[in-house]
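Q: Sharing a sequence plus its predicted fold:
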Amino acid sequence: MKRRRVTTHERLAFVAAVLVVWLTGVGARLVHLQVYSHDWYQERAIRQQERTVEVSPTRGRILDREGRELARSMEAKSVYVTISEAGDPATLARALAPVLEMDAKALVERLTTDRSFVLLKRKVDVETALKVAGMDLPGVELVGEMKRVYPKRELASHILGYCGVDEDGLSGLELTYDEQVRGKAGRVVLTKDARGSTYDAAEIAPTPGNDLQLTIDQVAQYRAEQALAEGVKRTNAKWGTAIVVRPKTGEIVALANYPTFDPNAFSKAKPDARRNRAIEYTFEPGSVFKIVPYSGCIEDGLVTPDTMVDCQYGSITVAGRTVKDGSYGVLKVSDALAVSSNVAAIKMGMKLGNERLYEYIRRYGFGRKTGAGMPGEASGLVSPVEKWGPTTIGSIPMGHEIGVTAIQEVAAMAALANGGTYVQPHIVRRVLAPTGQVVSETQPETRRVVSQATAAAMAGMLEDVVLKGTAKHANLGELRAAGKTGTAQKIDANGRYSHTKYLASFCGFAPADDPEYACIVVLDEPTGGGHTGGATAAPIFGQILTELFADDTVVVAPNDEIAKADVLAPRAAPMTGAELASVRRVAPAEDARPVLDAVTTEYRGNGGVVVPDLSGRGLRSVMEIGSATGLVVQAAGNGKVQSQAPAPGAVVPPGTTLQVTLR
């Protein structure tokens with residue numbers, strides 16, 4: 001059979017059909033890629049070509065009332081390794097292990113990975129960073145991170161608190177004001193070529209955190225801490241706490257605890273040493289609490305300082321329970337307070353009655369937090385009247401069956417010192433923006449507790465306590481101190497009042513005629529030189545107040561680490577994400593000009609900032625200048641600044657976006 005010849009036309013038709021099918025397949029595939037899979041491939045391409053790095057903000061400073069730094073952030077170095085450049089893991093591990101104080105085998109395991117970039121140790125000290133830099137090891141990088149430091153070491157540690165490795169507040173004001181002090185993180189987008197090299201960077205600068213300016217005075221804090229530490233050691237007490245307040249304003253001038261700790265190395269301190277007992281610890285106050293029933297009776301017109309009261313030679317029975325103290329007969333009310341008669345105090349409470357006594361307790365702020373601004377504050381323990389037993393009226397007036405905190409007690413005493421007006425104690429004076437502008441200012445609560453006449457009468461009686469009563473060791477001479485001692489029996493393991501363990505305290509103010517300071521000192525189980533508040537706590541009060549009124553100054557030495565860090569990183573701004581991708585070992589500054597030389601700090605009447613000239617500067621300098629001036633920097637490119645907007649010399653509001661192009 002003869003085969004039919006395929007014509008040229010048929011061949012062309014076949015080829016055309018194949019082409020149509022192929023083009024249809026290609027087109028369908030393109031449609032699938034461009035339409036249906038577009039987002040997936042685009043996201044994958046971006047992941048391969050771009051790397052986004054979060055840039056940590058600089059945490060705001062904590063300052064004392066005079067603007068002296070108590071806490072700030074500085075640049076520290078973390079040790080990273082680029083695996084592709086590092087060579088043999090075992091060799092590198094042997095070299096770094098002794099310097100980083102790490103196990104060589106653990107380092108080998110960490111370096112044997114598929115990842116391209118490995119962290120070895122975060123935030124090493126200055127000496128370690130310098131050693132690593134001097135070794136000049138291939139692939140080893142020192143990357144800048146921010147580290148929280150406390151220049152004055154233990155000073156005000158219970159107030160300030162401390163931060164974790166990621167600059168998050170964990171305790172004290174660092175925790176309470178973490179959101180405001182932390183700032184807002186920025187980010188940098190690094191664009192890479194096929195070889196993985198960075199050729200472009202676009203960055204949104206981080207926003208630095210706000211500063212806190214405290215009511216604390218650094219010198220007063222130092223004096224209070226030193227006096228308390230000496231007193232605790234001298235009396236062999238378990239612990240002690242002291243608070244100094246300005247009665248007229250409620251400002252806490254000093255707040256000390258002993259034992260104490262260094263927040264730069266808080267993990268090395270025992271939990272007991274980190275406890276802020278000034279606000280967290282609830283205790284029975286003992287006789288210091290007698291100011292409540294006495295002032296209540298004077299306010300209600302039931303007695304005067306000259307009213308005679310029968311102290312019944314130190315014995316009174318309330319609902320079948322007998323309370324005994326010193327053998328005093330008939331005394332003036334003022335003298336009964338001076339010798340701290342329990343019988344007289346109970347009679348003052350009985351004159352008021354349960355309801356009125358409870359009302360005055362609440363007026364003075366007992367049973368609720370003061371809101372002083374520190375975390376962990378206790379409310380104390382005040383039972384409602386309906387839960388009082390038949391003998392409660394015989395206990396509360398002398399400071400038993402009630403729980404208070406030291407901050408509550410000194411605030412109550414300060415109310416008497418302030419003419420009967422309670423001013424909420426507080427420790428943060430104001431919050432400041434990085435530009436120095438006031439973000440918020442504390443407005444303390446105020447309320448009338450007793451009349452000015454009652455407060456004046458109580459001030460005179462409390463001065464007698466110091467002059468001729470139980471607090472002679474608190475005598476400040478011409479300063480005319482006033483106050484009240486407290487010696488409370490502690491509860492033993494059997495739930496009974498101990499006859500060997502006491503909590504001693506003294507709370508008072510000076511000068512008595514025009515009080516500038518109110519102060520409380522509390523000691524737990526003092527055994528050296530006595531156990532009473534008059535013998536142990538009152539002398540510490542006297543020392544603190546004497547030194548606060550002294551004219552000489554105190555120099556508080558800074559933390560050595562800060563001075564050493566200047567060798568490695570003279571500027572306290574963090575490295576940016578762009579530098580993170582390119583810095584090897586300790587990089588020199590981008591230029592020799594000090595950053596702040598370029599910052600014009602003149603503020604015009606309209607609150608504007610003069611835009612600095614950034615031409616020729618590198619990305620790091622730009623970021624630092626933006627942080628210092630309060631301008632929000634948006635940078636594109638690598639190299640040196642070629643153009644900027646707004647132009648140099650323009651006057652703009654703080655927070656204005658400053659766009660720069662680098663090449």
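A: Cool, got the structure. Nothing here was measured: the structure is a model prediction, and the numbers come from that model.

Q: can you give me the strands for the stretch 151-300 of the chain?
A: Secondary structure of the stretch 151-300 of the chain, counting by DSSP state E, counting those that start in this stretch: strands at 186-192, 198-204, 211-214, 239-245, 252-258.

Q: for the first one, what is the average pLDDT?
A: Summarised as a single mean, pLDDT over strand 186-192 is 60.

Q: Likewise for stretch 645-653?
A: pLDDT averaged over stretch 645-653 gives 83.

Q: Using PDB, list the CA coordinates for that stretch.
A: The C-alpha trace of stretch 645-653 is given here as PDB (Å, rounded to 0.1, in the frame of the first residue of the first chain):
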ATOM      1  CA  ALA A 645      14.900  67.600  54.000                       C
ATOM      2  CA  PRO A 646      14.100  69.900  55.700                       C
ATOM      3  CA  ALA A 647      17.200  71.900  54.800                       C
ATOM      4  CA  PRO A 648      19.800  72.800  57.400                       C
ATOM      5  CA  GLY A 649      18.900  75.900  59.500                       C
ATOM      6  CA  ALA A 650      15.100  75.400  59.100                       C
ATOM      7  CA  VAL A 651      13.200  75.800  62.400                       C
ATOM      8  CA  VAL A 652      10.800  72.800  62.800                       C
ATOM      9  CA  PRO A 653       8.700  71.400  65.700                       C
END
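
Q: next one: phi and psi at Glu445?
A: phi -70, psi 140 (degrees, to the nearest 10).

Q: quick one: pLDDT of it?
A: Per-residue pLDDT puts Glu445 at 95.

Q: what sits against the closest residue to it other than its chain neighbours?
A: Nearest non-adjacent residue to Glu445, counting by CB to CB, 6 or more residues apart in numbering: Gln424, 4.2 Å away. For every residue, glycine as well, the C-beta is placed using N, CA and C. Residues near Gln424 by CB atoms under 8 Å, 6 or more residues apart in numbering: Gly250, Thr370, Gly371, Ala372, Ala411, Pro444, Glu445, Thr446.

Q: so how far is Gly164 from Pro612?
A: 35 Å (CB to CB, to the nearest Å).

Q: If you count neighbours, what's buried in the strand or helix carrying Val26?
A: Secondary structure from DSSP states H and E places Val26 in helix 8-31. Within helix 8-31, no residue counts as buried by 16 or more other CB atoms under 10 Å.

Q: That one: how far from the chain's middle?
A: The chain centre lies 74 Å from the centre of helix 8-31; the measure is CA atoms, centre = their mean, to the nearest Å.

Q: what is the mean pLDDT for it?
A: Helix 8-31 comes out at a mean pLDDT of 77.

Q: Could you tell me how far Asn475 is located from Leu119?
A: Applying CB to CB to Asn475 and Leu119 gives a distance of 60 Å.

Q: And Pro612 and Gly164? Which one has more around it.
A: Pro612 (23 against 13; other CB atoms under 10 Å).

Q: I'd like the distance between the more buried one and Pro648.
A: 6 Å.

Q: need the contact list for the closest residue in space to Ala645 that isn't next to it in sequence.
A: Distances taken as CB to CB, 6+ apart place Gln659 nearest to Ala645, at 5.0 Å, with adjacent residues excluded. By CB under 8 Å, 6+ apart, the residues touching Gln659 are Gln634, Ala635, Ala636, Gln644, Ala645.

Q: now the helices for the stretch 501-650 of the chain?
A: 533-548, 560-568, 577-582, 619-629 (DSSP state H, counting those that start in this stretch).

Q: For those helices, which has the smallest mean pLDDT value?
A: Minimum mean pLDDT among those: helix 577-582, a mean of 36.

Q: Sketch out the low-pLDDT regions of the stretch 51-200 of the chain for me.
A: For the stretch 51-200 of the chain, the stretches flagged by pLDDT under 70 are 51-56, 84-85, 113-117, 143-144, 187-200.

Q: Show me the shaky parts of the stretch 451-600 of the chain.
A: In the stretch 451-600 of the chain, residues with pLDDT under 70: 551-600.

Q: Kindly report the domain assignment for this protein.
A: If you go by automatic domain parsing, the domain ranges for the chain are 8-36, 218-548, 593-663.

Q: just those domains: most buried one?
A: domain 218-548 (a mean of 21; mean count of other CB atoms under 10 Å).

Q: ends of it, how far apart?
A: 11 Å (CA to CA, to the nearest Å).

Q: next one: stretch 438-445
A: OK, stretch 438-445 end separation, CA to CA: 20 Å.

Q: Name the surrounding residues that touch it.
A: 180, 210, 249-250, 371, 373, 422-426, 428-433.

Q: and those, which of them are in helices?
A: Among the contacts of stretch 438-445, the members found in helices (DSSP state H) are Gln180.

Q: Please narrow the contacts of stretch 438-445 to those residing in strands.
A: Tyr422, Val423, Val428, Arg429, Arg430, Val431, Leu432 (DSSP state E).

Q: quick one: which of those is nearest Phe509?
A: The closest of those to Phe509 turns out to be Val423 (CB to CB; 13.0 Å).

Q: Okay, the closest one and Arg448: tell me how far apart.
A: 11 Å.

Q: can you check Val438 too?
A: Val438 is 29 Å from Arg448, by CB to CB.

Q: Gly250 and Ala414 touch, don't they?
A: Yes: if you go by CB atoms under 8 Å, Gly250 and Ala414 touch, sitting 7.3 Å apart.

Q: okay, and the common contacts of the two?
A: Common neighbours of Gly250 and Ala414 (CB under 8 Å, 6+ apart) are Val423, Pro425.

Q: what kind of secondary structure is Ala378 in?
A: Recorded secondary structure, Ala378: coil (DSSP: H, G, I helix; E, B strand; the rest coil).

Q: Report the separation between it and Thr282.
A: 5 Å.

Q: joint contacts of these two?
A: Common contact partners of Ala378 and Thr282 (CB under 8 Å, 6+ apart): Thr405.

Q: Just confirm Ala90 is within a strand.
A: No: Ala90: not assigned to a strand; according to three-state DSSP it is helix.

Q: so what's it closest to, chain neighbours aside?
A: Sequence neighbours aside, Val108 is the residue nearest to Ala90 in space, at 5.5 Å (criterion: CB to CB, 6+ apart).

Q: next one: Thr112
A: Pro89 (5.2 Å).

Q: and what of Ala71?
A: Distance criterion CB to CB, 6+ apart; nearest residue to Ala71, sequence neighbours excluded, is Ile62 at 3.9 Å.

Q: How about the contacts made by that neighbour?
A: So Ile62 contacts Glu69, Leu70, Ala71, Arg72, Leu160, Leu173, Glu174, Val181, Asp211, Leu212, Leu214 (CB under 8 Å, 6+ apart).

Q: is the last one in a bridge, and if so with what?
A: The reference is to Leu214. Val428 (DSSP bridges).

Q: re the thing from before, columns distance to Val149 on top of the domains of the chain, output as TSV?
A: Formatted as TSV, the domains of the chain follow (distance: least, CB to CB, whole Å):
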stretch	distance to Val149
domain 8-36	54
domain 218-548	6
domain 593-663	18
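
Q: Mind checking these for the one nearest to Gly139?
A: domain 593-663 (21.5 Å).

Q: thinking again about what came up before, the helix or strand harbouring the residue nearest to Ala645 pairs with which strands, parallel or anti?
A: Per DSSP H and E: Gln659 is located in strand 657-662. Looking at strand 657-662 with DSSP bridges, its partner strands are strand 632-637 (parallel), strand 641-645 (antiparallel).

Q: Any chance of these in CSV with distance to Ala493 as columns?
A: Below are these laid out as CSV (distance: least, CB to CB, whole Å):
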stretch, distance to Ala493
strand 632-637, 61
strand 641-645, 72
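
Q: closest to Phe509 out of the ones you listed?
A: Of all the strands paired with strand 657-662, strand 632-637 comes closest under CB to CB, at 48.3 Å.
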